[in-house]
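Visitor: Requesting a structural model of the entry that follows:
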Amino acid sequence: MISIIIPVYNSEHILETCVKSILQQEYRNIEVILVDDGSIDRSPGICDKLAKQDHRIKVIHKDNGGISSARNQGLDIATGEWITFCDNDDLVSPNWLKHLINLVERSESILPICAFIRDKSEVGKEKPIERLEAKKTYPISEYLSFYEKQLAGFVWNSLYRKDIIEEYHIRFPERREIGDVNEDLIFQIQYLPHVQGIAYTGYNDYLWAQNETNHSNETTEKWYFEKYEEKYRLLRSWVNMFPSESDRQMKRLATLMLFHFVYAISHERNYNKFKMYIKNSSLQECIRMADCSKESPKVIHLIKKQNALLLWLLLKIT
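Guide: Predicted coordinates for the structure are as follows:
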């Protein structure tokens, strides 16, 4: 059985559609855990109504604690051999679970991954990805390649073994002081060392609405630099676990994260924070290792020199 955990927060207009898409799965052996995270709209009543309509649905009502807290409570009561997640404003294709479970039936010691899409008309269609063969098992050392292709770093496009989650006490970080950031990546990196490979289904089976009803865009923007610095440190630690691959992958990682660091400093309005970011060790490390050819040479030069004042003025006039 597969347990699908759905944190619910103020999603009265889309929740029933989301749950219906899950109940229409070709793979039928499921339980759906709706975790009402202190909603103040009609969502709690909708959860209870849905549970009365289908015995496979369980409901938890709790005080608001954020998406990580909600998912963790869902994990506490999940009974399936496999676990996955869905956000309350997203939709899935009828074959979402079938494609994922088909991969783990061939080998339980892999992380199966499907693609996500933002265009509803593309849901369920095959999605070829350059230099990535569908259904082939890749070693976990290739996780960064999946991350670069926007397949990894999310929990709702994968399946997780319940026994691994419980044996190694894997949970989502609950950090309300900064909001829920990087929780999917942290969970996935905790899980990965306990499997042997990663495989891609080859399909767009998840529709990501990106409305973020569980936590606001304001929080994400406020902590943008900090969010990506943590991503960088998490992925750097992961890459360094594979010394034979680390030099090659570190350049790719630094190049990938440099884009986000430059975006963050370019949009920072507080000069004191701006100065702090320019001197940040992770940013300076990225500058040394990355392919900087896609960024402004003047910006890169001033970051290297840690010349905050000139860079601040340059960004203000461009």
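Visitor: all contacts plus neighbour counts: C-alpha atoms, from now on.
Guide: Noted.
Visitor: got a list of what the most centrally placed residue in the chain touches?
Guide: Residue closest to the average C-alpha location in the chain (Cα atoms, centre = their mean): residue 154, at 2.6 Å. Each residue near residue 154 by Cα atoms under 8 Å, 6 or more residues apart in numbering is listed here: 184-185, 188.
Visitor: Got the phi and psi for it?
Guide: With angles defined as degrees, to the nearest 10, residue 154 sits at phi -120, psi 150.
Visitor: now swap in residue 161 and tell me
Guide: Main-chain dihedrals, residue 161, degrees, to the nearest 10: phi -80, psi 130.
Visitor: Repeat that for residue 151.
Guide: Taking degrees, to the nearest 10 as the convention, residue 151 sits at phi -110, psi -30.
Visitor: Number of residues surrounding it?
Guide: In terms of burial, residue 151 registers 19 neighbours under the definition other Cα atoms under 10 Å.
Visitor: ok, now residue 2?
Guide: Applying the criterion other Cα under 10 Å, we find 23 residues in the vicinity of residue 2.
Visitor: what mean pLDDT would you report for the longest strand anywhere in the chain?
Guide: When the chain is scanned for its longest strand (criterion: DSSP state E), the result is strand 197-207. On average, the pLDDT along strand 197-207 is 98.
Visitor: State the distance from residue 310 to residue 298.
Guide: In this structure, residue 310 and residue 298 are 10 Å apart, going by Cα to Cα, to the nearest Å.
Visitor: correction: residue 179
Guide: 34 Å.
Visitor: Which one of those two is surrounded by more residues?
Guide: When residue 179 and residue 298 are compared on other Cα under 10 Å, the one with more neighbours turns out to be residue 179, at 20 against 11.
Visitor: Just to be sure, the more buried one is in a helix?
Guide: No: according to DSSP: H, G, I helix; E, B strand; the rest coil, the state of residue 179 is coil, so it is not within a helix.
Visitor: Residue 66 is in contact with that one, correct?
Guide: Yes: applying Cα atoms under 8 Å as the test, residue 179 and residue 66 come out as touching, 7.5 Å apart.
Visitor: still on that earlier bit, now the contacts of residue 154 in JSON lines, with secondary structure and distance to residue 92?
Guide: JSON lines is the format used below for these (DSSP: H, G, I helix; E, B strand; the rest coil; distance: Cα to Cα, whole Å):
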{"residue": "184", "secondary structure": "helix", "distance to residue 92": "18"}
{"residue": "185", "secondary structure": "helix", "distance to residue 92": "21"}
{"residue": "188", "secondary structure": "helix", "distance to residue 92": "20"}
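Visitor: can you tell me which of those lies nearest to residue 304?
Guide: Using Cα to Cα, residue 185 comes nearest to residue 304 of the contacts of residue 154, at 28.8 Å.
Visitor: before we move on, what SS does the closest residue to that closest one other than its chain neighbours have?
Guide: Counting by Cα to Cα, 6 or more residues apart in numbering, residue 185 lies nearest to residue 153, which is 4.5 Å off, once chain neighbours are set aside. Reduced to three states with three-state DSSP, the structure at residue 153 is coil.
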